[in-house]
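>>> Curious how this folds, go ahead:
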Amino acid sequence: MAVDGGAEGGGVAVTMSEYEFIFVLSGISLEDDEAVNTLTTELDALLSSQRGMLRMTVTGEGSNAVSAAIATAQKAHELVDDVRFVRLDRDLVGVSDIADRIGRSRQNVDQWVRGQRCPSGPFPEPEAMVGASPVWLWADINAWLRPLGLDDGERRPTREQMNRIDLVLPSVRLVPTHFGGGRTDGGAEVSAFNVEARLVRSASRTRSAAARALHRHLLARAGEATDDEAFLRL
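Residues are numbered from 1 along each chain as shown. Just a heads-up that it's a prediction; the model follows:
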């Protein structure tokens with residue numbers, strides 16, 4: 001669902017959309033009734049555990065998937081201080097999983113995969129191989145199914161957005177929710193960009209050169225210099 005965020009004081013109107021995320025969490029467990037009830041009630045989240053991995057499926061709103069994920073994680077931290085965000089679950093699916101989710105036969109899906117029937121263009125490339133079987137991001141498959149009316153109606157981050165979200169998630173709780181406030185030249189989008197840039201700076205202090213490369217990309221988007229001095233000013 002997309003809604004117009006409006007514009008106050010002559011600012012730029014920002015269209016807000018809802019995205020579904022599956023976060024891998026730590027710091028709490030399903031036995032922590034207070035934390036689980038709070039996240040379930042306040043965020044309308046669904047928490048589940050499989051082989052010791054705690055996952056939270058939740059919908060967040062933002063001008064894009066990255067800002068929606070950051071805002072959702074920050075809200076969760078406000079509600080439950082002990083919760084930690086590890087990464088996004090990629091929600092990988094095989095042929096049988098796809099068939100089950102859309103109510104079609106495995107043979108039908110296999111025809112799409114082999115290119116024998118392509119009602120919505122070429123089938124997405126697999127994300128990985130599990131043994132001899134390919135698996136795909138459900139987000140890619142769902143987007144491919146959308147023109148056929150077979151999608152589940154949810155928006156999800158792209159692969160590139162997932163990577164950006166994973167980079168900043170461990171540092172989300174370090175950034176105050178009011179950071180970036182007071183700007184009128186772009187409203188929520190400017191605020192979301194500032195938060196993401198600050199988080200990438202924090203993450204890059206302890207991570208690889210890939211973090212700095214992403215941060216330079218963010219600085220370029222903001223029209224800033226890309227040297228280390230500008231990097232540290234954020």
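
>>> make it CA atoms for all contacts and neighbour counts henceforth
Fine.

>>> Check which residues of the longest strand seen in the chain are buried.
Identified as the longest strand of the chain according to DSSP state E is strand 15-26. If you call a residue buried by 16 or more other C-alpha atoms under 10 Å, then strand 15-26 has these buried ones: 16, 17, 18, 19, 20, 21, 22, 23, 24, 25.

>>> for the protein, what spans make up the strands?
2-4, 15-26, 46-50, 53-62, 84-88, 92-93, 128-130, 133-137.

>>> Mind putting those strands into JSON lines with distance to residue 117 and mean pLDDT?
Compiled in JSON lines, those are given as follows (distance: least, C-alpha to C-alpha, whole Å; pLDDT from 0 to 100):
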{"stretch": "strand 2-4", "distance to residue 117": "32", "mean pLDDT": "55"}
{"stretch": "strand 15-26", "distance to residue 117": "29", "mean pLDDT": "96"}
{"stretch": "strand 46-50", "distance to residue 117": "35", "mean pLDDT": "96"}
{"stretch": "strand 53-62", "distance to residue 117": "33", "mean pLDDT": "98"}
{"stretch": "strand 84-88", "distance to residue 117": "32", "mean pLDDT": "97"}
{"stretch": "strand 92-93", "distance to residue 117": "20", "mean pLDDT": "98"}
{"stretch": "strand 128-130", "distance to residue 117": "22", "mean pLDDT": "96"}
{"stretch": "strand 133-137", "distance to residue 117": "18", "mean pLDDT": "97"}
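
>>> Turn the ones you listed into JSON lines, including distance to residue 170.
Formatted as JSON lines, the strands of the chain follow (distance: least, C-alpha to C-alpha, whole Å):
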{"stretch": "strand 2-4", "distance to residue 170": "28"}
{"stretch": "strand 15-26", "distance to residue 170": "10"}
{"stretch": "strand 46-50", "distance to residue 170": "19"}
{"stretch": "strand 53-62", "distance to residue 170": "15"}
{"stretch": "strand 84-88", "distance to residue 170": "6"}
{"stretch": "strand 92-93", "distance to residue 170": "22"}
{"stretch": "strand 128-130", "distance to residue 170": "25"}
{"stretch": "strand 133-137", "distance to residue 170": "22"}
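
>>> Looking at those strands, spot the one closest to residue 74.
For the strands of the chain, the distance to residue 74 is smallest for strand 84-88, at 10.0 Å, taking C-alpha to C-alpha.

>>> and the closest one, what other elements does it pack with?
strand 15-26, helix 159-168 (3 or more C-alpha pairs under 8 Å, 6 or more residues apart in numbering; DSSP states H and E).

>>> Could you dump these into CSV with distance to residue 138 added?
Shown next, in CSV, are those (distance: least, C-alpha to C-alpha, whole Å):
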stretch, distance to residue 138
strand 15-26, 11
helix 159-168, 11
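
>>> Which one of those lies nearest to residue 120?
Closest of the helices and strands packed on strand 84-88 to residue 120 is helix 159-168, at 19.7 Å (criterion: C-alpha to C-alpha).

>>> can you pull the buried residues of the closest one?
Buried, per 16+ other C-alpha under 10 Å, within helix 159-168: 161, 162, 164, 165, 166, 167, 168.
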